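Participant: coords please:
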Amino acid sequence: MSHLSVSGISKRFGTVDVLVNQSLEVAEGEFVALLGPSGCGKSTLLQIINGLVPADRGKVTLNGEDITGRTGSGRGMVFQGADLFPWRTALENVAFGLEVAGVPKAERLEQAQHYLKMVGLGAFGNSWPHQLSGGMQQRVGIARAFCIKPSLLLMDEPFGALDVQTRDVLQDELIRIWEADRKMVLFVTHGIEEALYLADRVLVYSKRPAHVLAEIKVPFERPRREEIKLDPRFLELRREISELLRHDITI
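Facilitator: As a prediction, this is how the structure comes out:
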């Protein structure tokens with residue numbers, strides 16, 4: 001059974017404590033949002049889990065395997081920007097992780113095309129990144145992460161730089177793709193509405209050094225649609241989280 005366990009993670013940059021003794025658990029098939037103010041350490045925690053940044057203390061295990069300080073090993077990541085290779089086509093970008101893993105060319109391109117179709121870009125495989133809009137580039141980034149078939153998907157504010165309309169569309173696309181196989185997801189966001197709309201559980205973080213102010217189990221059934229954002233329970237949860245964050249920032 002898939003399972004992520006983060007235990008006692010601490011990280012200091014210079015004289016600044018960013019994370020102090022942080023722990024969390026993510027169960028198989030669970031979508032968890034990490035919500036908090038800028039600079040509180042959410043993205044740093046995600047990068048530690050992905051092995052891109054070393055922790056000063058603590059341990060990360062995935063499916064029972066100690067992955068602390070290691071990259072790869074069942075994780076896919078979608079960054080704030082798509083971070084595509086400009087010299088590779090959309091299809092080649094999606095296939096990159098499989099290429100690194102040594103998957104034969106014909107097989108990896110076939111799988112990459114499947115995931116491009118899944119994100120609605122099946123006709124754009126031969127396009128270069130500069131020929132794609134920001135939203136389309138981000139779709140390619142999502143397809144690239146799913147293509148390696150990770151058990152854990154790490155998403156660091158993937159829609160933060162997009163316009164409202166594109167963000168709403170990609171939120172629905174992400175839900176649709178995720179519901180097909182229910183991977184574990186850790187999703188970093190500043191958006192209260194985005195967190196409540198996408199996640200099964202929301203961890204609300206304080207200002208730096210981060211600690212969890214609240215853990216909220218989102219009460220809405222799936223599949224979810226845009227109308228839920230007007231539900232009185234949704235609006236009340238959004239208000240409560242907003243007040244919690246505002247109070248933490250001002251004290």
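Participant: Report pLDDT for Ile251.
Facilitator: Ile251 is assigned 62 on the pLDDT scale.
Participant: Equivalent analysis for Glu173, please.
Facilitator: For Glu173, the pLDDT comes out at 88.
Participant: surely it meets Val119?
Facilitator: Yes - with contacts counted by Cβ atoms under 8 Å, Glu173 reaches Val119, the gap being 6.3 Å. All C-beta atoms are positioned from the backbone trio N, CA, C, and that covers glycine.
Participant: got any residues that touch both of these two?
Facilitator: Shared contacts of Glu173 and Val119, defined by Cβ atoms under 8 Å, 6 or more residues apart in numbering, comprise Arg139, Ile142.
Participant: more crowded one of the two?
Facilitator: Val119 (24 against 17; other Cβ atoms under 10 Å).
Participant: residues in contact with the nearest residue to the more buried one once chain neighbours are set aside?
Facilitator: Nearest non-adjacent residue to Val119, counting by Cβ to Cβ, 6 or more residues apart in numbering: Arg139, 4.1 Å away. For Arg139, the contact set (Cβ under 8 Å, 6+ apart) comprises Val119, Gly120, Leu121, Leu170, Glu173.
Participant: Name the nearest of these relative to Lys105.
Facilitator: Taking Cβ to Cβ as the measure, Lys105 lies nearest Leu121 of the contacts of Arg139, at 20.1 Å.
Participant: So for that closest one, what's the pLDDT?
Facilitator: Note for Leu121: predicted pLDDT of 92.
Participant: ok, now Leu170?
Facilitator: Note on Leu170: pLDDT of 88.
Participant: tell me the SS of it?
Facilitator: helix (DSSP: H, G, I helix; E, B strand; the rest coil).
Participant: Just say helix, strand or coil for Gly120.
Facilitator: Gly120 - assigned by three-state DSSP - is coil.
Participant: which residues touch the worst-scoring helix or strand of the chain on mean pLDDT?
Facilitator: Least confident helix or strand, the chain: helix 164-181 with a mean of 88, by mean pLDDT, DSSP states H and E. For helix 164-181, contacts defined as Cβ under 8 Å, 6+ apart pick out 31, 118-120, 133-135, 138-139, 142, 146, 153, 158-159, 162, 185, 194, 197-198, 222-224, 226.
Participant: Of those residues, just the buried ones, ChimeraX syntax please.
Facilitator: Burial among the contacts of helix 164-181 is assessed by 16 or more other Cβ atoms under 10 Å; the matching ChimeraX selection reads:
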select :31,118,119,120,135,138,139,142,146,153,158,159,162,185,194,197,198,224
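Participant: In helices only, show me the contacts of helix 164-181.
Facilitator: Counting by DSSP state H, the contacts of helix 164-181 place Met118, Gly134, Gly135, Gln138, Arg139, Ile142, Phe146, Glu194, Tyr197, Leu198 in helices.
Participant: between those, which is closest to Val16?
Facilitator: Once Cβ to Cβ is applied, the member of the ones in helices among the contacts of helix 164-181 that ends up nearest Val16 is Glu194, at 27.2 Å.
Participant: can I assume that closest one is in contact with Glu157?
Facilitator: No - with contact defined as Cβ under 8 Å, Glu194 does not count as touching Glu157 (9.3 Å).
Participant: quick revisit: distance to Asn21 for the contacts of Arg139 - can I get that in TSV?
Facilitator: Listed next are these as TSV, based on distance: Cβ to Cβ, whole Å:
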residue	distance to Asn21
Val119	38
Gly120	42
Leu121	42
Leu170	34
Glu173	36
